[in-house]
Structure formats: C-alpha cells, structure tokens
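Trainee: give me the fold of what follows.
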Amino acid sequence: MMGSETTSMAKKSQQEAGPWVHPFERAGFGKAPFKVIGYYEKVYRAHQDAPIQPAGMCEYCGQSIRYVVRVQSSDGHEHEIGTDCVERTGDTALTEQERKEERAWKYAQREKVTGAERRARQEAEEARLKAQSEENARRYEQIIRDAVTILNSANVPKRYQEIAKQRLEGLVTGRWDHDKYEDEGFEQQKVQFDMGLLIAPLPPPKHYWDVGEKIGPLKVLYEGGPSFQTQFGWKSIDKFRVLEGPEAGAILAWFSSSSKFSSVGETFLINATVKDYSEYEGVQQNVVTRVQEVVAPEDVQVFTLGQRVLRDPWNWRRPAIVEAVTKTGKLRIRYRIPYGYNKATRLTWEVTDPSKVGVPDHFPHEITDQEWLDLDRPDFVVGQSVRLNMGYAKYVTALVLDVKRDKVKISYQDGDKTVTSTVASASIEPVPSE
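Mentor: Here you go, the predicted model:
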C-alpha cells in the first residue's frame with residue numbers, strides 16, 4: 001500500500017514540475033539546444049612586472065575567468081561562459097564540445113611555440129651551413145693558392161711539395177676531406193705544408209758567413225733532421241732555415257749528440273758559430289756549432305716586488321713571492337718547501353728565463369690561500385714582538401734580536417730563565433693586535 005502511494009506522489013511531482021529546461025535558457029541566454037563555437041584565453045597585466053590576471057567574466061555566474069567558452073543558442077544568441085558552468089549544466093553534448101574545443105586550442109598553442117622554435121632552429125641551422133659552406137670555399141681557395149705557391153718554388157724540399165701536390169689534387173678532384181685532415185692525426189703533413197709555405201718566398205740557400213764567424217741572433221725555422229748511431233753514441237743532424245734578414249734562406253746544419261730542439265715547424269731565435277761549409281743534394285749548407293736559443297725581448301717577463309709567482313710552471317705546487325729584483329738582472333724569490341712543515345727558503349733566478357718562473361693566473365690549477373701561508377708573512381725587524389709556535393697550538397711571546405735572511409734570532413722567557421734561539425722566519429708570526 002505504501003509503495004503505490006510513493007509512486008503516485010512521484011508522478012504527481014514530475015507532472016507539476018513540467019519538462020526539463022536548459023539552465024542557460026532559464027537564464028535568458030536564448031533557446032536550447034546550445035553549441036560551443038569558440039574557446040580562448042582572456043588575460044591582462046597591470047604593468048610589466050605585475051602578475052597575469054584573468055580578464056574574462058562568466059555571464060552565467062559573474063565570476064572572473066581566464067579561459068572562455070563561447071556558447072551560441074539555437075536562435076543565434078552568443079555568450080561567454082566559464083568551463084565549470086558549462087560542465088555543471090548537465091548537458092553532456094555541450095560538455096563534450098567544450099572539451100574538444102579546449103584540446104584543439106591547447107594543441108594550437110603548443111604548435112605555435114614549438115613551431116616557432118622549430119623554425120628558429122631550422123633557420124639557424126641553414127645559416128650555419130651557409131656560413132660553413134662559404135668558409136670552406138674561402139679555405140679551399142686559400143689552400144689551392146698556397147699549394148700552387150709551394151709547387152712553383154724551387155727552394156721548397158720535394159717532401160713538402162709532395163704534400164702540397166696531394167692536397168691540391170684532392171681538392172680539385174673532390175677526394176680530399178679537409179675536415180678529416182684537420183682533425184685526425186695528420187699533424188706531420190700539416191706541419192710540412194706550413195713549413196713549405198714559409199720557405200717558398202725565401203731566396204736560394206747560400207754560404208753567407210766565414211768559417212769561425214759567430215752569428216746571431218737569427219730567426220730560424222726548425223726543420224728537424226735524422227738521428228743515427230755511431231761508435232761514439234747517438235748523433236743527430238738539426239737543420240734550420242733562416243727566415244729574416246739579408247741571410248734569409250740560408251740553411252744551418254748542426255751535428256750534435258744531444259739536440260735541444262724537438263718542435264719541428266716552430267721558429268726560434270738562435271746564436272751559433274760557423275764551423276764549415278757543406279752541400280747536400282745540390283743545396284748549399286752552413287755547418288754550425290755551439291747553437292744556443294735566445295729568448296726574444298718580448299718574451300721576457302717583468303716582475304714586481306711582492307708579486308705572486310710559481311717557481312716552476314711544470315710544478316704548480318711550488319708557489320713563490322718575488323722578494324727582490326737585483327741590479328744584475330737577477331730575480332730573488334721566496335718559496336715554500338714542498339711538504340715541509342712551516343718552512344720557506346729563497347732562490348735566485350735569471351729574470352730573462354721565463355721557463356723558470358711563471359704567473360699563477362696563466363695556469364689551470366688554483367693556488368689556495370693555505371699554500372701562500374708561509375710566504376705572505378711580513379719581514380721582521382729588531383725589537384719586534386713576535387709569537388713562537390711551540391707546537392700543539394702553544395705559543396710564547398718572544399723579542400726579535402737579529403734578522404738574517406730567513407733566520408731570526410729571538411729571546412723568550414721559559415719559566416725563570418731567558419732562552420735565546422735562532423729559528424726560521426716561518427716559525428714565528430707578529431703578535432696580533434688587540
């Protein structure tokens with residue numbers, strides 16, 4: 001009995017409510033059915049540094065919205081609605097249209113960004129390839145000109161001309177891979193080609209000096225030479241080509257048991273003494289002895305007092321400080337003994353030998369402050385109060401009696417007696433000011 005009464009009441013309530021009306025139609029947005037005709041973003045920014053704010057407004061609920069769904073009624077009325085209000089209507093067809101338009105809009109935005117990036121990358125790659133092609137063309141033209149110069153010179157040795165001939169034929173026929181030549185183990189061929197280019201404009205070799213004459217300094221190209229074993233041990237023949245001056249083109253041959261030169265193709269300044277004349281394969285040579293490399297004036301480093309330097313560029317763990325530059329051209333530096341405890345010593349170098357002293361900034365290793373600890377301390381004077389390190393973080397106050405280079409004579413109280421001792425300057429430090 002109760003069930004039949006409930007069913008009749010539900011039917012009566014449905015009849016009183018009438019047919020279902022679309023929420024947008026009840027809101028006066030036109031007649032159903034409704035459809036989505038657009039999806040877009042509306043934002044604004046008050047000033048350049050202000051955050052982005054939503055610029056749209058939902059006409060159904062009045063809330064500010066960033067993403068707008070444009071809805072059209074069957075009788076042509078259009079309204080801007082928020083995505084949440086569209087989904088709350090219960091209209092599944094309208095909701096599906098809204099989601100489809102949203103996906104299409106987001107895809108278009110991604111394509112706009114990625115498409116611009118892709119076009120930018122493509123344009124950059126095309127510009128790079130064009131610049132590389134133009135650079136290769138200029139480089140090939142220069143190589144051809146250089147190769148022809150080498151082949152047309154009678155002074156260039158045949159082994160250098162053979163390299164130039166190979167490069168020229170390869171470039172003309174298209175079989176020469178210049179990038180591979182530049183990158184993969186063709187150092188000797190590249191050096192010989194460059195050496196031939198230096199030698200090509202020089203005059204023919206001659207005997208320019210008298211036997212016994214001291215010559216130099218001469219700017220020369222080191223061409224290397226063979227080594228062979230004799231009954232007195234290994235010998236080598238180093239050959240140099242004079243590049244500048246009235247003697248340009250002259251060949252110097254040095255027979256030695258211990259060559260000082262190893263970088264073939266490099267240029268040097270040398271002094272030598274003419275020992276004899278010779279001829280090899282129809283080319284005149286000057287046999288020399290006592291060959292010495294000369295440091296060019298522009299390579300001499302200028303040091304200042306207190307400057308931090310390295311005692312040996314190849315042993316960067318030995319920092320030093322310039323202590324004096326003598327009138328005779330010597331450089332006195334104070335450096336730290338490696339792995340020593342609180343010790344420092346001094347050494348004097350030739351200022352004109354840049355291979356002995358270098359500047360820390362020129363090397364990849366960073367010198368820490370701890371490594372300068374024993375070098376930055378000031379010089380001590382007679383009568384100065386200092387602290388002596390007794391070990392285990394124990395210090396006593398002492399008085400400086402005498403100073404001799406890196407040794408300091410001090411006196412201090414040890415109980416009831418006065419102790420006088422000579423210590424290394426690295427073992428004491430000034431009394432800290434309060």
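Trainee: the residue lying closest to residue 276 once chain neighbours are set aside: which element?
Mentor: In this structure, residue 276 finds its nearest non-sequential neighbour in residue 287, 4.1 Å apart by Cβ to Cβ, 6 or more residues apart in numbering. To be clear about C-beta, it is placed using only N, CA and C from the backbone, and glycine gets the same treatment. Counting by DSSP states H and E, the element that carries residue 287 is strand 283-294.
Trainee: and this protein, what are its domains?
Mentor: 214-294, 298-372, 385-430 (automatic domain parsing).
Trainee: give me the pLDDT value at the nearest residue to residue 27 once chain neighbours are set aside.
Mentor: Nearest non-adjacent residue to residue 27, counting by Cβ to Cβ, 6+ apart: residue 60, 6.0 Å away. pLDDT for residue 60: 93.
Trainee: check contacts around residue 19.
Mentor: Residue 19 makes no contacts at all, as judged by Cβ atoms under 8 Å, 6 or more residues apart in numbering.
Trainee: helix, strand, or coil at it?
Mentor: Under DSSP: H, G, I helix; E, B strand; the rest coil, residue 19 falls in the coil class.
Trainee: re earlier: where among the domains of the chain is average confidence lowest?
Mentor: Ranked by mean pLDDT, the domains of the chain bottom out at domain 298-372, which scores a mean of 56.
Trainee: what pairs with the strand ranked longest in the chain, parallel or antiparallel?
Mentor: Determined from DSSP state E, the single longest strand within the chain is strand 267-280. Within its sheet, strand 267-280 is paired with strand 214-224 (antiparallel), strand 283-294 (antiparallel), according to DSSP bridges.
Trainee: ranking those by burial, who's on top?
Mentor: Ranked by mean neighbour count, the strands paired with strand 267-280 are led by strand 214-224 with a mean of 19 (mean count of other Cβ atoms under 10 Å).
Trainee: please save the CA atoms from that strand in CSV.
Mentor: The C-alpha trace of strand 214-224 is given here as CSV (Å, rounded to 0.1, in the frame of the first residue of the first chain):
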residue,chain,number,x,y,z
LYS,A,214,129.8,34.0,-34.7
ILE,A,215,126.3,34.6,-36.0
GLY,A,216,123.0,35.6,-34.5
PRO,A,217,120.6,36.2,-33.1
LEU,A,218,118.8,34.7,-36.2
LYS,A,219,115.2,34.0,-36.6
VAL,A,220,115.1,30.4,-37.9
LEU,A,221,112.6,27.7,-38.8
TYR,A,222,113.5,24.4,-37.2
GLU,A,223,113.1,21.6,-39.9
GLY,A,224,114.3,18.7,-37.7
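Trainee: ok, residues contacting that strand?
Mentor: For strand 214-224, the external contacting residues (Cβ under 8 Å, 6+ apart) are 195, 198-199, 209, 238-245, 247, 252, 261, 263-274, 288, 292, 294.
Trainee: let me know how buried residue 206 is, in neighbour terms.
Mentor: Using other Cβ atoms under 10 Å, the number of residues around residue 206 comes to 14.
Trainee: with residue 141 instead?
Mentor: There are 11 residues near residue 141, going by other Cβ under 10 Å.
Trainee: please report the distance of it from residue 197.
Mentor: 15 Å (Cβ to Cβ, to the nearest Å).
Trainee: same question, residue 154
Mentor: In terms of Cβ to Cβ, residue 154 sits 15 Å off from residue 197.
Trainee: of the two, who's got more company?
Mentor: Taking neighbours as other Cβ under 10 Å, residue 154 and residue 197 compare with residue 197 leading, 18 against 7.
Trainee: which secondary structure element is home to that one?
Mentor: Residue 197 belongs to helix 187-199 when elements are defined using DSSP H and E.
Trainee: contacts only, for residue 277.
Mentor: 207, 211, 284, 285, 286, 287.
Trainee: checking the first one next. Helix, strand or coil?
Mentor: This points to residue 207. coil.
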